[in-house]
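Asker: After the sequence you'll find the predicted model.
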Amino acid sequence: MFIQIKNVSKEYPDTNNNAVQVLKSIDLDIEAGEFICLLGPSGCGKTTLLNLIAGFEKVTSGEITINGKLAVEASSKHITIFQNYGLLPWRSVQKNVELGLETKDRSKSERKRIAGDFIELVGLKQYARHYPSQLSGGMQQRVAIARALAVDPEIIFMDEPFGALDAMTRINMQDEISNIWQKKKKTIIFVTHDIEEAVFLADRILVMSPNPGRIKSVIKVPIARKRDRTHPDFLKIRNKIFEEFEMKEKEKIEYYL
Ligand SMILES: Nc1ncnc2c1ncn2[C@@H]1O[C@H](COP(=O)(O)OP(=O)(O)OP(=O)(O)O)[C@@H](O)[C@H]1O
Ligand SMILES: [Mg+2]
């Protein structure tokens, strides 16, 4: 198994220095190439779980292994994409995408070629010489995705990467990341609040509940891609998740407003 999470708990101190259990008894195996979505309400520990797997934080008990090795520190084989893109404003699109390749043993021309390929993959060939401030939010997020893919990571972590985008752009980005995943088959661990986004993207959805953060259920999405958001199979899984959250009819309506 590629990633193994065994009986993991995480505590943080509160303001009085008392231990607060943020994650409790998390057990999970993730296969290489899987697209996993962590879904749950604010504060249920999604970011914490992602940070533990990525090695940015340490478990309080239990263990996480990746390829059999304890995940206790961040690795250059893993890339995280944040909501705010993390682009360097003084670098062009081309130079931003080359960034991660500069620490690797690559010649200048090789870096240029690899970055160019990934810029093309995310549909920004005409924008290679532009600067981040000249691009829309969706385009900037595409640059961040190109930059992440360029270093050929084993795992891509994404923490609500499309949260700041408007609804239409968000749908386009979901299409794009789904296409890219089909081409590259990277392991992706993707945090979201958005039920539909999770059903559209994931092989498996981890539905989490808060206080303390737990995996409430694991929902497989056995629907071929590209997924149709209006197909009965899609709606069936979406409704199943609504039930997991015990949403009442009124709350469902509010969710969609
Ligand atoms: N460094 C920290 N110190 C103390 N408490 C923390 C720390 N990081 C997170 N927490 C607490 O752990 C809980 C889970 O936080 P986390 O950020 O993982 O939630 P989340 O599911 O990602 O929420 P959101 O959807 O709002 O991003 C919260 O109650 C938060 O206050
Ligand atoms: Mg979070």
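Answerer: Structure received. Ligands and ions are numbered 1, 2, ... in the order given.
Asker: among the helices and strands of the chain, which has the poorest mean pLDDT?
Answerer: helix 249-255 (a mean of 57; mean pLDDT, DSSP states H and E).
Asker: quick one: the helices in the stretch 101-250 of the chain?
Answerer: Shown for the stretch 101-250 of the chain, the helices assigned by DSSP state H, counting those that start in this stretch span residues 108-121, 137-150, 167-184, 195-201, 232-244, 249-255.
Asker: Tabulate those helices (CSV), appending mean neighbour count and distance to residue 4.
Answerer: For every residue, glycine as well, the C-beta is placed using N, CA and C. Output for the helices of the stretch 101-250 of the chain, formatted as CSV (neighbours: other CB atoms under 10 Å; distance: least, CB to CB, whole Å):
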stretch, mean neighbour count, distance to residue 4
helix 108-121, 17, 30
helix 137-150, 23, 24
helix 167-184, 16, 22
helix 195-201, 23, 22
helix 232-244, 15, 24
helix 249-255, 11, 34
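Asker: how about these, which one is nearest residue 99?
Answerer: Closest approach to residue 99 among those is made by helix 137-150 (6.1 Å; CB to CB).
Asker: now the closest one, how far from the chain's geometric center?
Answerer: Relative to its chain's centre, helix 137-150 lies at 13 Å (CA atoms, centre = their mean, to the nearest Å).
Asker: List the contacts of stretch 64-76.
Answerer: Where contact means CB atoms under 8 Å, 6 or more residues apart in numbering, the residues beyond stretch 64-76 that reach it are 2-6, 8, 52-56, 58, 63, 103, 151, 154-155.
Asker: now swap in stretch 131-142 and tell me
Answerer: 81, 85, 87-93, 96, 122-124, 127, 143, 161-162, 164-166, 169, 172-173, 176.
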